[in-house]
Every structure is written in C-alpha cells, then in structure tokens.
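> Just a sequence and a predicted model for now, questions to come.
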Amino acid sequence: MDALAGEGIALALATAGAAVRCLTTGRPDTYEHAWAGLTRRHRLLTGALLAATRRPATARLIVPAASRLRPLFSAAVHALQ
C-alpha cells in the first residue's frame with residue numbers, strides 16, 4: 001500500500017499500543033483482531049485508490065474527479081491521517 005499524508009506513523013503508533021495492551025493483558029491472540037479494526041479504513045480507502053489506478057480508464061479520471069469533488073477528496077485524505 002502506498003503512503004499518503006503520514007498515516008503510516010499514526011497506524012504504527014496505534015497498532016503498537018494495541019500490541020502492548022494485548023500482551024499486558026495476557027491476550028496476545030487478540031492482536032490480529034485489534035490490528036484489523038485499527039487498519040480497516042486505511043486498507044479499504046488506499047486499496048480502492050490503488051485498484052482504480054491499475055485500470056488506465058479509471059486512472060485518468062482520478063485527478064479530474066478530485067478537482068471537481070474537492071470536499072470529497074479532502075475528506076478521503078483526512079480519513080487516512
């Protein structure tokens with residue numbers, strides 16, 4: 001997945017916190033579920049954008065659509081932070 005707007009650092013800190021909680025409560029088996037919940041939005045939004053760029057027809061539409069739908073594009077970027 002591509003990095004955008006520093007979300008990698010935020011995800012690293014959030015998942016590290018989850019790992020510590022899982023270990024200190026004696027439940028390391030719950031980490032995978034915690035990780036999935038913390039990273040779901042990032043994986044869905046970033047994955048959808050990357051999938052769109054793999055098709056030339058949709059890739060050409062991304063920048064014009066972002067230009068016309070600035071509030072929507074801005075909300076997507078902020079959701080990844």
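Cool, the structure landed.
> Specify the residue positioned farthest from the middle of this structure.
residue 26 (28.0 Å; Cα atoms, centre = their mean).
> That one: helix or strand, and which one exactly?
If you go by DSSP states H and E, residue 26 is not part of any helix or strand.
> Same question for residue 73.
Assigned by DSSP H and E, residue 73 falls within helix 70-79.
> Any buried residues in that helix, and which?
residue 76 (16 or more other Cβ atoms under 10 Å). Every C-beta, even on glycine, is put in place using the N, C-alpha and C of the backbone.
> Return it as PDB; C-alpha atoms alone will do.
Listed in PDB are the C-alpha atoms of helix 70-79, where the atom choice follows Å, rounded to 0.1, in the frame of the first residue of the first chain:
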ATOM      1  CA  ARG A  70     -12.600  18.700  -3.700                       C
ATOM      2  CA  PRO A  71     -14.600  18.300  -0.400                       C
ATOM      3  CA  LEU A  72     -14.900  14.500  -1.100                       C
ATOM      4  CA  PHE A  73     -11.300  14.100  -1.900                       C
ATOM      5  CA  SER A  74     -10.300  16.200   1.100                       C
ATOM      6  CA  ALA A  75     -12.400  14.000   3.400                       C
ATOM      7  CA  ALA A  76     -10.800  10.900   2.000                       C
ATOM      8  CA  VAL A  77      -7.300  12.300   2.600                       C
ATOM      9  CA  HIS A  78      -8.200  13.300   6.100                       C
ATOM     10  CA  ALA A  79      -9.700   9.900   6.800                       C
END
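> other SSEs contacting the lowest-mean-pLDDT helix or strand in the chain?
Counting by mean pLDDT, DSSP states H and E, the weakest-scoring helix or strand in the chain turns out to be helix 70-79, with a mean of 81. If contacts are counted by 3 or more Cβ pairs under 8 Å, 6 or more residues apart in numbering; DSSP states H and E, helix 70-79 sits against helix 31-53.
> pLDDT of the helix it packs on, averaged?
Taken as a whole, helix 31-53 carries a mean pLDDT of 90.
> Any idea how far the helix holding residue 73 is from the middle of the chain?
Distance of helix 70-79 from the chain centroid (Cα atoms, centre = their mean, to the nearest Å) equals 13 Å.
> Kindly report the same for stretch 53-73.
Distance, stretch centre to chain centre, for stretch 53-73: 18 Å (Cα atoms, centre = their mean).
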